[in-house]
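# next come a sequence and a model predicted from it.
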Amino acid sequence: MRVVLNESTKTIHKPARSNGQSTACGALRHVSPARIRETTRTGPDAATDDDTYCGRCFDAVSGY
């Protein structure tokens, strides 16, 4: 799946569909585009994944 990585906090977000924001939750609207990178991940899996996923973007996890 396509995801947006905040390289400052190492938090993974879902990309926005087409609302003018970089993420679905809008949490990165104040972050410089130089610190945001689009990449791919298989998805949040608490048993095997050390990444931090946004709780607003992903139902199965907690976070800001």
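Everything's here; your move. As the structure is a computational prediction, the values presented were derived from the model and not from experiment.
# tell me which other helices or strands the lowest-mean-pLDDT helix or strand in the chain touches.
None of the helices or strands of the chain scores lower by mean pLDDT, DSSP states H and E than strand 52-53, at a mean of 87. With contacts taken as 3 or more Cβ pairs under 8 Å, 6 or more residues apart in numbering; DSSP states H and E, strand 52-53 sits against strand 11-13. Heads up, the C-betas are built off the backbone N, CA and C, glycines and all.
# what pairs with the strand it packs on, parallel or antiparallel?
Sheet pairing of strand 11-13 (DSSP bridges) gives strand 2-6 (antiparallel), strand 52-53 (parallel).
# for the residue most central in space within the chain, list each beta-bridge partner.
Geometric centre of the chain, nearest residue: H13, 1.2 Å, by Cα atoms, centre = their mean. Beta-bridge pairing for H13 (DSSP bridges): V4.
# quick check, it in contact with T52.
No. Here H13 does not reach T52: they are 10.2 Å apart, not a contact under Cβ atoms under 8 Å.
# now R37, what's its secondary structure?
Secondary structure assignment for R37 (DSSP: H, G, I helix; E, B strand; the rest coil): strand.
# what about the residue nearest to it when sequence neighbours are not counted, how many residues close to it?
Distance criterion Cβ to Cβ, 6 or more residues apart in numbering; nearest residue to R37, sequence neighbours excluded, is L5 at 4.9 Å. When neighbours are counted by other Cβ atoms under 10 Å, L5 registers 18.
# contacting residues around L5?
11-13, 36-39 (Cβ atoms under 8 Å, 6 or more residues apart in numbering).
# make a ChimeraX selection of the buried ones in these.
In ChimeraX, a selection of the buried entries from these looks like this (16 or more other Cβ atoms under 10 Å):
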select :11,12,13,36
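# got phi/psi on P33?
Dihedral angles of P33 (phi, psi; degrees, to the nearest 10) stand at phi -60, psi -20.
# tell me which residues touch the nearest residue in space to it that is not next to it in sequence, please.
Ranked by Cβ to Cβ, 6+ apart and with sequence neighbours excluded, the top spatial neighbour of P33 is S22, at 7.5 Å. Going by Cβ under 8 Å, 6+ apart, S22 touches 4, 13, 15-16, 28-29, 31, 33, 36.
# noted, bye for now.
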